[in-house]
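Visitor: got a predicted structure plus its sequence, pasted below:
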Amino acid sequence: MSLSENEWYIQAPWGRIAIIAWGNCYDPPVLLCHGNMDSAVSFRPLVNLLPQKYYYIGVELPGNGKSDPFPPGLMISIYDILYSLHAVVKHFRWESFIYIGHSFGAVLGKIYNICYPDTISKLVELDPINFIGIPPEDFPKWYKYFFEEFYKNYEKLNAPRDKAPKLKWKEALSSLRAKRPGLSEQHAIAVLERLSEPVGDGLIRYTFDRRNKLIHGAPFSPEHMKKIFTSVSNPILTIAAQDSLRKKLYRNTDFLLDKSLYEHGNYRCVPVEGGHDVHVSNPERLAAYVSQFLLYGVEGLDGKSKL
C-alpha cells in the first residue's frame, strides 16, 4: 500500500520552500533531501518501500524543484543551503528527526549533523560521492574552479528566469536521461516537470537556479574531514553505489567506507549494485538496509534485529 502524498510550501526569509510529504504527520519525522539540481520526487520509489510508521518530509532546496531561489547576486555556499534545512526543522519544531540524503543532500546531512549536534537521531547517506576533500596543494585549483568561474559567468548565472534558453521538451528529457541514466522515463518526466516550465509552442525553459552549478563549501583537507566526521556518535548508514566504487569516486574520502575508523562504533557502510541513482532505479536493492536501520539502528544491520 502506497503512502498518501501531500505538497505545500514553507515560508523562509528569501521565499518559499516546497515540501512533498508522505504518510501521517503524527508519526516520527524523517527529513529527505535530494541531490543538486534535482527534486524531492526522486524519493517516491524508495519511500513506498520503507516502514509506514514514519512521516517522510521531502524538501526541495532553494532554486530546485518548486522552491524559490535565493536572491540574485552573490555566490551560494553550502552553508546558505544548509539554513534552508534548518528553516524546515524550525517550521515543524522538531527537537530531533531522522535524515536521509542523496548525493549533495547526503553531504548537507553530514554538515547539519556537525552544525546542530544532537538533532539528527539517525543519518542515512545515499551515495555521497561529492563529499570531497581538498588537499592543501589543490587549494588554488579549488578557488579558481568556483570563484573565477562564477565571476567569469556572472551575468549568465544570475540571469532572470525569463532569459533562460528555450528548448523542446523531448530534447530536455533526453538530456536529463543522458545525465542520469538510472532514471526511467517516468521518473525523469516527474523530475523534469519540477525543474522547468512551459513557454508555448511545445517549448520549455529550466527554472532551477544556475548558481547551483557552483555551490562551494569550506575546502577541508581529507585529513581534516576525516577527523571531524568520524568523531560524531549518532548512528550513520552510508549506501555506496557499486558504479561509484568502481569509478573510485570515494578515493580521497575512503573513511566513508571503513566503519573501524569511527570511534563510537556507530557507522556502517553497505555497497549495493547500481549507479548513482540506484535509490530511484532499483530502490528494492537498498530499501531493506534502510528499513532495518530506521527501525533498529546499526544493530539491525548487524543482524541483531530483524524486520
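Guide: Ah, there it is.
Visitor: output the below-cut-off pLDDT ranges for the stretch 1-150 of the chain.
Guide: Residue ranges of the stretch 1-150 of the chain with pLDDT under 70: 1.
Visitor: as a check, name the ranges of all strands in it.
Guide: 5-12, 15-22, 29-33, 55-59, 97-102, 120-126 (DSSP state E, counting those that start in this stretch).
Visitor: for the stretch 151-300 of the chain, same thing?
Guide: Using DSSP E, counting those that start in this stretch, the strands of the stretch 151-300 of the chain run over residues 167-168, 196-200, 203-206, 236-241, 267-272.
Visitor: neighbouring contacts of the fourth one?
Guide: Looking back up the chat, that one is strand 236-241. Identification of contacts with strand 236-241 by C-beta atoms under 8 Å, 6 or more residues apart in numbering yields 106, 122-129, 250, 256-257, 262, 266-272, 274-276, 278-279, 286, 289-290, 293, 298, 301. Quick note: C-beta positions are derived from backbone N, CA and C, even for glycine.
Visitor: who does it pair up with?
Guide: strand 120-126 (parallel), strand 267-272 (parallel) (DSSP bridges).
Visitor: what does the longest one contact?
Guide: By that I understand strand 120-126. Contacts of strand 120-126 (C-beta under 8 Å, 6+ apart): 96-103, 105-106, 109-110, 112-113, 234-239, 256, 279, 286, 290, 293-294, 297.
Visitor: out of the residues you listed, which are buried?
Guide: Burial of those was assessed by neighbour count (16 or more other C-beta atoms under 10 Å); the buried members are 97-103, 105-106, 109-110, 112-113, 234-239, 256, 279, 286, 290, 293-294, 297.
Visitor: dump the residue contacts of S2.
Guide: Here S2 is in contact with N48 (C-beta under 8 Å, 6+ apart).
Visitor: mind checking pLDDT for Y206?
Guide: Looking at Y206, its pLDDT reads 93.
Visitor: under the pLDDT cut-off, which ranges of the stretch 151-300 of the chain? List them.
Guide: Low-confidence segments of the stretch 151-300 of the chain (pLDDT under 70): none present.
Visitor: quick one, helices of it?
Guide: Counting by DSSP state H, counting those that start in this stretch, the stretch 151-300 of the chain has helices at residues 154-157, 169-179, 185-194, 222-229, 242-246, 278-281, 284-296, 298-301.
Visitor: just name the most buried of these.
Guide: Greatest average neighbour count among these goes to helix 278-281 (a mean of 24), per mean count of other C-beta atoms under 10 Å.
Visitor: and that helix, what other elements does it pack with?
Guide: helix 44-47, strand 236-241, helix 284-296 (3 or more C-beta pairs under 8 Å, 6 or more residues apart in numbering; DSSP states H and E).
Visitor: show me what the shortest one is packed against.
Guide: When contacts are defined as 3+ C-beta pairs under 8 Å, 6+ apart, helix 44-47 sits against helix 185-194, helix 278-281, helix 284-296.
Visitor: before we move on, the earlier item: same list (the helices and strands packed on helix 278-281) but as JSON lines, adding distance to F92.
Guide: Converted to JSON lines, these look like this (distance: least, C-beta to C-beta, whole Å):
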{"stretch": "helix 44-47", "distance to F92": "17"}
{"stretch": "strand 236-241", "distance to F92": "22"}
{"stretch": "helix 284-296", "distance to F92": "18"}
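Visitor: relative to F147, which of these is closest?
Guide: With C-beta to C-beta as the measure, strand 236-241 is the member of these nearest F147 (30.2 Å).
Visitor: please save the CA atoms from the closest one in CSV.
Guide: Taking only C-alpha atoms (Å, rounded to 0.1, in the frame of the first residue of the first chain), the coordinates of strand 236-241 have been written out as CSV:
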residue,chain,number,x,y,z
ILE,A,236,25.1,6.6,10.5
LEU,A,237,24.4,4.4,7.4
THR,A,238,26.1,5.0,4.1
ILE,A,239,24.8,3.3,1.0
ALA,A,240,27.6,3.3,-1.7
ALA,A,241,26.6,2.5,-5.3
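Visitor: I'd like the distance from that strand to the chain centre, please.
Guide: 13 Å (C-alpha atoms, centre = their mean, to the nearest Å).
Visitor: repeat for stretch 147-154
Guide: In terms of C-alpha atoms, centre = their mean, the centre of stretch 147-154 is set 25 Å apart from its chain centre.
Visitor: tell me which residues of it are tucked away?
Guide: F150.
Visitor: what's the most buried one of the strands paired with strand 236-241?
Guide: The highest average neighbour count among the strands paired with strand 236-241, using mean count of other C-beta under 10 Å, belongs to strand 120-126 at a mean of 24.
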